[in-house]
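J.: Next input, structure requested:
(one chain, ligands or ions: 1)
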Amino acid sequence: MSTPAAQHAPGLAPADGVAARARGLTKAYGSGETTVLALDSVDVDVVRGRFTAVMGPSGSGKSTLMHCLAGLDTVSAGQVWLGDTEITGLKDRELTRLRRDRIGFMFQSFNLIPTLNALENITLPMDIAGHKPDGKWLDRVIDTLGLRDRLRHRPSQLSGGQQQRVACARALASRPELIFADEPTGNLDSRAGLEVLGFLREAVDRLGQTVVMVTHDPGAAAHSDLVLFLGDGRIVDEMRQPTAETVLERMKRFDVIRGRSEDPPGSPGPPGES
Ligand SMILES: Nc1ncnc2c1ncn2[C@@H]1O[C@H](COP(=O)(O)OP(=O)(O)OP(=O)(O)O)[C@@H](O)[C@H]1O
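T.: Next up is the predicted model:
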């Protein structure tokens with residue numbers, strides 16, 4: 001995901017088209033005086049074959065953006081496309097099918113079915129859709145994620161990191177056009193988290209997938225190609241080839257602004273700021 005300029009980012013391979021696009025994307029919750037403008041006329045291009053992270057302070061609209069791009073939530077105004085398909089305006093049934101066939105999801109809670117083994121969990125969305133998995137692709141995903149010797153295990157027999165890898169394989173299994181990951185490392189210790197980030201990176205680099213990840217963790221964002229920073233429902237900044245340090249520094253600037261807006265009138269700003 002990026003503003004159009006970021007498609008020409010130096011140091012990145014040429015962009016291979018746009019996996020998803022939003023124009024004037026606006027989402028308001030509630031009505032009248034209690035209206036919350038979660039997204040305020042956002043324009044974004046999710047660049048195909050890239051790993052994009054979405055960051056920003058709590059309440060800045062990260063999850064709302066992801067949900068609107070993925071067709072999980074309706075928009076108040078604006079348009080969203082997945083590839084060439086405009087999804088705004090699609091009926092619920094069409095949206096459900098589009099999500100099922102063209103988008104992969106990874107959530108913080110892995111959402112694995114406890115009574116199914118790893119392989120059954122991985123292929124479940126395709127089984128529900130009545131699609132036969134592409135065996136070669138599935139083998140590649142399973143081997144890339146190092147799950148070959150865990151396929152007959154149930155979730156309770158797997159570590160947290162392994163469970164998240166199964167969730168990752170499930171998101172990749174149908175070779176979706178776009179994978180959305182919402183805090184995929186949130187419930188993992190740092191080693192398992194790093195592993196999952198490494199696999200998402202490999203999904204992009206080796207399998208050519210497109211990943212959009214919402215995260216609070218600068219270290220996680222550092223695995224992406226591009227970080228989009230949301231503030232008050234708008235994309236306020238973007239960073240290519242991020243490092244944990246540069247992302248952390250950028251996030252600190254939100255704290256300074258927040259600190260200022262919480263200061264009583266007339267009080268001095270934070271030290272070092274004029
Ligand atoms: N269902 C809802 N009803 C009313 N307001 C909502 C709803 N969902 C989100 N909001 C509001 O919209 C704004 C953006 O929320 P969102 O969850 O997208 O932020 P976020 O950046 O993902 O936050 P966090 O980092 O805390 O998860 C917030 O002010 C939130 O309170």
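J.: what about Arg191, neighbour count?
T.: By other Cβ atoms under 10 Å, the residues close to Arg191 number 8. Using the backbone N, CA and C atoms, a C-beta is placed for each residue, glycine as well.
J.: Then Phe254?
T.: Neighbour tally, Phe254, other Cβ under 10 Å: 20.
J.: Also Val46?
T.: Counted with other Cβ under 10 Å, the neighbours of Val46 add up to 24.
J.: Which phi and psi values does it adopt?
T.: Dihedral angles of Val46 (phi, psi; degrees, to the nearest 10) stand at phi -90, psi 110.
J.: Just list whatever residues bridge to it.
T.: With DSSP bridges as the criterion, Val46 is bridged to Ala20.
J.: Look up how far the ligand lies from the residue lying closest to Arg154 once chain neighbours are set aside.
T.: Among residues not flanking Arg154 along the chain, Asn117 sits closest, at 5.5 Å (Cβ to Cβ, 6 or more residues apart in numbering). Separation of Asn117 from the ligand (Cβ to the nearest ligand atom, to the nearest Å): 32 Å.
J.: got it, and Phe51?
T.: In this view, Phe51 and the ligand are 19 Å apart by Cβ to the nearest ligand atom.
J.: do the same with Gly24
T.: Taking Cβ to the nearest ligand atom, one finds Gly24 at 17 Å from the ligand.
J.: Which element, helix or strand, includes the closest residue to that residue other than its chain neighbours?
T.: Spatial nearest neighbour of Gly24, excluding adjacent residues (Cβ to Cβ, 6+ apart): Gly78 at 3.6 Å. According to DSSP states H and E, Gly78 maps onto strand 77-82.
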